[in-house]
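[1] Give me a 3D structure for the following:
(one chain, ligands or ions: 1)
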Amino acid sequence: MEISFYKYQGTGNDFVMIDDRSAAFPEQDLKLVSRICDRKFGVGADGLILIRHKEGYDFEMVYFNADGSQSMCGNGARCAVAFSRFLGIIDESTYFLAIDGAHEARISEGIVRLKMGNVKSLTNKGKDYFVNTGSPHHVRFVENVELYPVVEEGAKIRYGKDYEPGGTNVNFVSVLESDHIFVRTYERGVEDETLSCGTGVTGCALVFGSRNELRKVRIKTLGGDLMVSFSESAGGNFENIFLIGPAEQVFEGKFKIDWPQV
Ligand SMILES: N[C@H](CCC[C@H](N)C(=O)O)C(=O)O
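    Model prediction:
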């Protein structure tokens, strides 16, 4: 049996995208999900996204990390909007469902403006921070993040006692300019550094913006540039959070589903 897929990337975070409005994909088969995301034995991706029908929404995105676990994915959501536009499901604006709830988004000339869920608060973790932007994120400010041992230090925090049993994503941030940060992320469920992490840069932008009375933050990642804008209420709640950046279709293909199990 063959299944058609498209490959998308959002600032280097890459995804296998499947038009699964027929609900034919065996989503319980997490071995299959991991195999498809495997960069040697499969297509290769940070995650896999199914586009499904959902009453009351333009579509539902079902996101899987490369290890088959599920969470909210900001870059993946931006790619899901671009893919849905490509499929003709939407035009320039959309209202869709993800694991953390409903999202609005607009797409124009390949740039997606995604409304993230509201964020209740930031939590201090010693000199670091924790924030949940639809996925859990630990945030540490460091000097010269381009030289930082992201995978080694990220794995320690991700698997640390503090975050048992579910773990967390881990972001390391350096300040480039008064409104511009450089973020590198160790991603839970990929179990490696990714070239960017949408929910991660959103969390970092909220922490940095709140500390510096900003409402718009530019973010450099290894995979490209993103922007986050937001409003902060007196009680420290964050609303009107937008993650803005490109999403690109890079190729299409078919994979055979009757692979021998390794
Ligand atoms: N690895 C994350 C989900 C994907 C996050 C990232 N790819 C993004 O763009 O938000 C987690 O399991 O919490």
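[2] When you work out contacts or count neighbours from here on, use the C-alpha atoms and nothing else.
    OK.
[3] Can you spell out the domain ranges of this structure, please?
    2-110+248-256, 123-244 (automatic domain parsing).
[4] In CSV, list these along with distance to Gly117 and mean neighbour count.
    CSV is the format used below for the domains of the chain (distance: least, C-alpha to C-alpha, whole Å; neighbours: other C-alpha atoms under 10 Å):
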stretch, distance to Gly117, mean neighbour count
domain 2-110+248-256, 7, 19
domain 123-244, 7, 19
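[5] In a markdown table: these, plus mean pLDDT.
    Formatted as a markdown table, the domains of the chain follow (pLDDT from 0 to 100):
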| stretch | mean pLDDT |
| --- | --- |
| domain 2-110+248-256 | 97 |
| domain 123-244 | 97 |
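[6] how about these in a markdown table, adding distance to the ligand?
    Shown next, in a markdown table, are the domains of the chain (distance: least, C-alpha to the nearest ligand atom, whole Å):
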| stretch | distance to the ligand |
| --- | --- |
| domain 2-110+248-256 | 3 |
| domain 123-244 | 4 |
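[7] closest to Met116 out of these?
    Comparing the domains of the chain by their distance to Met116 (C-alpha to C-alpha), the top pick is domain 123-244, with 5.3 Å.
[8] just the strands in the stretch 51-200 of the chain please.
    60-65, 93-98, 101-108, 111-115, 123-125, 128-132, 136-141, 169-177, 180-187, 192-194 (DSSP state E, counting those that start in this stretch).
[9] Just name whatever secondary elements the fifth one is in contact with.
    In terms of contacts (3 or more C-alpha pairs under 8 Å, 6 or more residues apart in numbering; DSSP states H and E), strand 123-125 is packed against strand 128-132.
[10] Give the other helices and strands that the strand it packs on contacts.
    Partner elements for strand 128-132 (3+ C-alpha pairs under 8 Å, 6+ apart): strand 123-125, strand 136-141, helix 198-211.
[11] just how off-centre is that strand within its chain?
    16 Å (C-alpha atoms, centre = their mean, to the nearest Å).
[12] ok, back up a step: redo the strands of the stretch 51-200 of the chain as TSV? Include distance to Glu153.
    Listed next are the strands of the stretch 51-200 of the chain as TSV, based on distance: least, C-alpha to C-alpha, whole Å:
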stretch	distance to Glu153
strand 60-65	21
strand 93-98	30
strand 101-108	31
strand 111-115	30
strand 123-125	15
strand 128-132	13
strand 136-141	11
strand 169-177	9
strand 180-187	9
strand 192-194	11
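[13] which one of the ones you listed lies closest to Val228?
    strand 111-115 (9.3 Å).
[14] ok, the closest one: who's next to it in the sheet?
    Strand 111-115 has its sheet partners listed here by DSSP bridges as strand 101-108 (antiparallel), strand 238-246 (antiparallel).
[15] give the contact list for Thr11.
    Thr11 makes contacts with Asn75, Leu195, Ser196, Thr221, Leu222, Gly223, Gly224, Asp225, Leu226, Gly245, Pro246, Ala247, as judged by C-alpha atoms under 8 Å, 6 or more residues apart in numbering.
[16] Then Gly223?
    Gly223 is in contact with Thr11, Gly12, Asn13, Leu195, Ser196, counting by C-alpha under 8 Å, 6+ apart.
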